[in-house]
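Student: Got a predicted structure here, sequence first:
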Amino acid sequence: MSPDWHLVSPAPRSAVLEVLPGWSHQRKAILFQARTFETTAIYMGDRCMAVAMMRSRSCGRVEFALVIPRSAGVHMRTLIRIAQLTLSRIAQDHLVFARVHPANHQGQRMARLTGFVKSKAGPEIWFWRGDHGETTGRRRG
């Protein structure tokens, strides 16, 4: 991470508002998560590029959510790498999962790139396995 990038935890409310999407149902869900999850804002300079949210669940599980506005798309590789480094530490002691709606194709792509795989537990449950999907350049086989 270059010196321009820094993390702030808990994420300021202004950071959460900055990354919210335009759809009201998604805004409500993200605002709820920001109130009930541990949050970290990811900044480049003074601009919030993403907000990561984590919440401990039963049986050593941790739910992970990452909100990235479209305007931060040019920094996607850096944001994915930050998520991978964070998740690799958490996954040493916890089972990390995310919920991605089946119709959210961009969210599914981000989950794959970060290292999540679809679960058989349900259509929107993804578990982190940490092979970083397409970002490693390795072929599976």
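Tutor: It's in.
Student: Can you name the element that comes right after the helix or strand Ala50 falls within?
Tutor: Per DSSP states H and E, Ala50 falls inside strand 47-56. Per DSSP H and E, strand 47-56 leads on to strand 61-67 as the next helix or strand towards the C-terminus.
Student: mean confidence score for that next one?
Tutor: Averaged over strand 61-67, pLDDT sits at 92.
Student: How about stretch 30-45?
Tutor: Predicted confidence along stretch 30-45 averages 93 (mean pLDDT).
Student: Touching stretch 85-104 from outside, list them.
Tutor: The contact list for stretch 85-104 (CB atoms under 8 Å, 6 or more residues apart in numbering) reads 40, 52, 54, 56, 59-66, 107-108, 111, 114-116, 119, 123-128, 130. All C-beta atoms are positioned from the backbone trio N, CA, C, and that covers glycine.
Student: again, 7 Å this time
Tutor: Residues outside stretch 85-104 that contact it (CB atoms under 7 Å, 6 or more residues apart in numbering): 52, 60-65, 107-108, 111, 115-116, 123-128, 130.
Student: hang on, the earlier thing: how far out from the middle of the chain is the strand holding Ala50?
Tutor: Relative to the chain's own centre, strand 47-56 is displaced by 7 Å; criterion: CA atoms, centre = their mean, to the nearest Å.
Student: Find the least confident helix or strand in the protein, judged by mean pLDDT.
Tutor: helix 24-36 (a mean of 87; mean pLDDT, DSSP states H and E).
Student: contacts for that one?
Tutor: Residues outside helix 24-36 that contact it (CB under 7 Å, 6+ apart) are 11, 16, 20-21, 53, 55, 65, 67.
Student: Neighbour-wise, which one of these leads?
Tutor: Among the contacts of helix 24-36, the one with the most neighbours (other CB atoms under 10 Å) is Ala11, at 25 neighbours.
Student: residue boundaries of the strands in this protein?
Tutor: Along the chain, counting by DSSP state E, strands occupy 5-8, 38-44, 47-56, 61-67, 95-99, 116-118, 125-128.
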